[in-house]
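In: The following block contains a protein sequence and its predicted model.
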Amino acid sequence: ITLIESNAPKDFDKAQRVLQGLLPKTGRALRIGITGVPGAGKSTFIEAFGQLLCSMGYKVAVLAVDPTSPLTGGSILGDKTRMQNLSREPNCFIRPTPSGGTLGGVARKSRETMMLCEAAGYDVILVETVGVGQSETTVRNMVDFFMLVVLTGAGDDLQGIKKGIMELADAIVVNKADGENLARATVTQGEYERMVEFIRPATEGWKTHAYKCSALTHDGLPELWAVMRKFEKETKESGVFQKRRKSVSTSLNKVTQTSNAKKAQEKVEVDIEAVTEQIQTAIDDYEAKLDEIRDKWDEILDLNKQIKVSVAKKDIYVDAFGILWEPYYTNSMGKLVKAF
């Protein structure tokens, strides 16, 4: 997973080979996306729900996305610490990942990480989003079953018909339905049940309903798992399940192709820079040689001007062609001739 998440150029080829090699072993797990507003109890719900699945013999992988600070670029990554009981389960794997500023509620490589967990043999993949509310829609395209966890008294009637996260949910779960809050949770469940009547179903052939549960007492969790299994069975029979999975694979291929194209472009840009540098070096060398030739030629011209000599002084003269004149004199015609 660390290799896949790496941004280092040297890790790109190896990461792609790993993904391509593991691709035939993926697609066997049920992918469940869990989103909701901060404070709705997503992490507590996942811990209780994960323990339930582990007790039933399933291998569970939890991919928890933590928000990244826009100022420091850091993330706390405390989900694994919060899920103390679930982290002790031998059949559970928890991977906290920083969002890295990626919008849509998930991290940049969440889809690839999910595929790695499937190849490792996990039966259920739980993807916990950042939890910012209406904008977390990217995870919908990655998972099979999408669940929205809500609180009592956290919305109004208009919330149900907003174009946002609610119309993408396959189930709306009112959490913290225990103790004195049970009555309010029941009322809220009824309100959301009426809201979904105005929303087009998120999955073809599946009717979205509202449910209530308690992550503290585990009430309602077995019923939720039964709903998810029913969803899987019905969508597989209708072909919607396979159609959604195919769209995910197509999206991944597009991402891979885009990454390959980007890498090829970067390589071409590097090659162009190298060739340009070589050409510039050759031009600089040529101009340096040309300047050297010009200097030599100027020296030759200067030597050629030194023809006016005195016979009495018996100077030695070397002309521009390297011929030694020693001694010499000027004849009656004014020409310089050799004495012997």
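Out: Structure's in. What do you need? Numbering: from 1, shown residues only.

In: where exactly do the helices run in the stretch 151-300 of the chain?
Out: Here the stretch 151-300 of the chain has its helices, by DSSP state H, counting those that start in this stretch, at 182-195, 221-238, 240-304.

In: among those helices, which is nearest residue 124?
Out: helix 221-238 (8.8 Å; Cβ to Cβ). C-beta: built from backbone N, CA, C; applies to glycine.

In: Tell me the buried residues in the closest one?
Out: By neighbour count with 16 or more other Cβ atoms under 10 Å, helix 221-238 contains the buried residues 221, 224-225, 227-228, 231, 235.

In: pLDDT weak spots in the stretch 101-250 of the chain?
Out: 101-108, 131-137, 153-164, 248-250 (pLDDT under 70).

In: In it, what residue spans correspond to strands?
Out: In the stretch 101-250 of the chain, the strands defined using DSSP state E, counting those that start in this stretch lie at 124-128, 145-150, 171-174, 209-212.

In: and for the second one, what are the contacting residues?
Out: With contacts defined as Cβ atoms under 8 Å, 6 or more residues apart in numbering, strand 145-150 is touched by 30-37, 40-42, 45, 139-140, 165-166, 168-175, 188, 192, 202, 228, 231-232.

In: before we move on, the earlier item: quick one: which of the helices of the stretch 151-300 of the chain is nearest residue 4?
Out: helix 240-304 (11.5 Å).

In: what about the strands of the stretch 101-250 of the chain, which gets the closest to residue 287?
Out: Checking the strands of the stretch 101-250 of the chain against residue 287 by Cβ to Cβ gives strand 124-128 as the closest, at 61.7 Å.

In: just how off-centre is that closest one within its chain?
Out: Relative to its chain's centre, strand 124-128 lies at 19 Å (Cα atoms, centre = their mean, to the nearest Å).

In: cool, and stretch 35-51?
Out: Worked out by Cα atoms, centre = their mean, stretch 35-51 lies 25 Å from the chain centre.

In: Kindly report the same for stretch 280-290.
Out: 44 Å.

In: same check, this time on stretch 182-192
Out: Counting by Cα atoms, centre = their mean, stretch 182-192 comes out at 39 Å from the chain centroid.
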